[in-house]
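Trainee: Provide a 3D model corresponding to the input given below.
(4 chains)
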Protein chains: 2
Amino acid sequence: MRPEDALERFEVFLRNKKLRMTRPRRDILLSAWETHSHFTAEEMFSWVQQRDSNAARATVYRTLNLLVEGKFLASMNNGQGTQLYEHILGHTHHDHMICRGCNRVLEFRSEEIERLQEEIAEQNNFQLVHHVLRLEGYCPKCRTAQSESA
Amino acid sequence: MRPEDALERFEVFLRNKKLRMTRPRRDILLSAWETHSHFTAEEMFSWVQQRDSNAARATVYRTLNLLVEGKFLASMNNGQGTQLYEHILGHTHHDHMICRGCNRVLEFRSEEIERLQEEIAEQNNFQLVHHVLRLEGYCPKCRTAQSESA
DNA sequence: CTAGTTGCAAAGGATTTGCAACTGA
DNA sequence: TCAGTTGCAAATCCTTTGCAACTAG
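Mentor: Residues are numbered from 1 along each chain as shown, chains lettered A, B, ... in the order given. Sure thing, here's the model as predicted:
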């Protein structure tokens, strides 16, 4: 989805909640759409510093939460206590592999795993709302670097 | 595995690392083995308060980290920024369903999912070290409570 | 005009760390 | 003995919150 479209949807979302579109909110949404990978709140903070809004850290956190609530962004944690965000509107669901060497995030999707998860939930009479699947290890690059230094 | 056996292994582990067995460490390991479910560092802290060692919060954290390192415990986060621990020595690997209503943790294991994960890692030339699979939603009880109140 | 938003700094929760006093082998 | 351990409080990291000054509609 193009940034302008996301922005428009965000405006609708805000209007429905009787909230206002502001400069910091606009800048944060646009920055989120300008990256095609995963980012932290802190990174977002530094990006909006470079735009002209100069949004405060608190505003960044507040807006990120708003965007997650509106399903514009998905959040996940990196396994060390920090949240990572990515824009999802118009993207299909996927899971992640995280490299312990370089922190790179790789995406994957497995219909089969998705289906099995639903099956398991059903078998346990568990109402599935969300799932987290993260593979941790070493990406091809770091894997090579590792075996070379060994 | 019985508590005494775990304790013995812990002693071996410590000896190999030239570390010492102490009263707080013993109490923490035993407390971990006395529960058959998942616990937080804070819960562990309150348990050791009740034993005679009176270990400090810092000691609890330090020892939990040590036990995770030695693979006596596994840690996972609850999705809200707190670590949960469980003893694993002598237990087979499993994944978790977490109830958003009552925070209860249910365990499950799917050979098929395990296999698929390995397959995906391999396809991506990713060296799999660890994975996190957490299903979030509502357990049978909370699910019922929810639909009744609706 | 005025409810909603912001920036700031302070508070919060979970966890780690520095350090002097202790203690197990 | 003495390297390793502890308790304590302070520090850290990430995130949220209180509040008075602002601003979008």
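Trainee: Tell me which helix or strand the closest residue to A:F10 other than its chain neighbours sits in.
Mentor: Distances taken as C-beta to C-beta, 6 or more residues apart in numbering or on different chains place A:L29 nearest to A:F10, at 5.2 Å, with adjacent residues excluded. Quick note: C-beta positions are derived from backbone N, CA and C, even for glycine. Following DSSP states H and E, one finds A:L29 within helix A:23-34.
Trainee: continuing past that helix, what's the next helix or strand?
Mentor: Downstream of helix A:23-34, the first helix or strand assigned by DSSP H and E is helix A:41-50.
Trainee: Tell me if that next one is near DNA strand C.
Mentor: No: Helix A:41-50 lies out of reach of DNA strand C by C-beta under 7 Å from any atom of the strand, never closer than 8.4 Å.
Trainee: quick check: angle from that helix to helix A:23-34?
Mentor: Counting by axes from the mean of the first three to the mean of the last three C-alpha atoms, to 10 degrees, helix A:41-50 lies at 110 degrees to helix A:23-34.
Trainee: in helix A:41-50, what counts as buried?
Mentor: Judged by neighbour count (16 or more other C-beta atoms under 10 Å in any protein chain shown), helix A:41-50 contains these buried residues: A:A41, A:E43, A:M44, A:F45, A:W47, A:V48.
Trainee: Please look at the third one and A:L30 and confirm they touch.
Mentor: Spelled out, that is A:M44. No: applying C-beta atoms under 8 Å, one finds A:M44 not in contact with A:L30, separated by 10.9 Å.
Trainee: for A:K18, helix, strand, or coil?
Mentor: At A:K18 the chain is in coil, as set by DSSP: H, G, I helix; E, B strand; the rest coil.
Trainee: What is the burial count for it?
Mentor: Using other C-beta atoms under 10 Å in any protein chain shown, A:K18 has 6 other residues around it.
Trainee: now, which of the buried residues of helix A:41-50 sits nearest A:E119?
Mentor: Closest approach to A:E119 among the buried residues of helix A:41-50 (C-beta to C-beta): A:A41, at 35.4 Å.
Trainee: Hmm, that closest one is touching A:T63, no?
Mentor: No: at 9.7 Å, A:A41 does not count as touching A:T63 under the criterion of C-beta under 8 Å.
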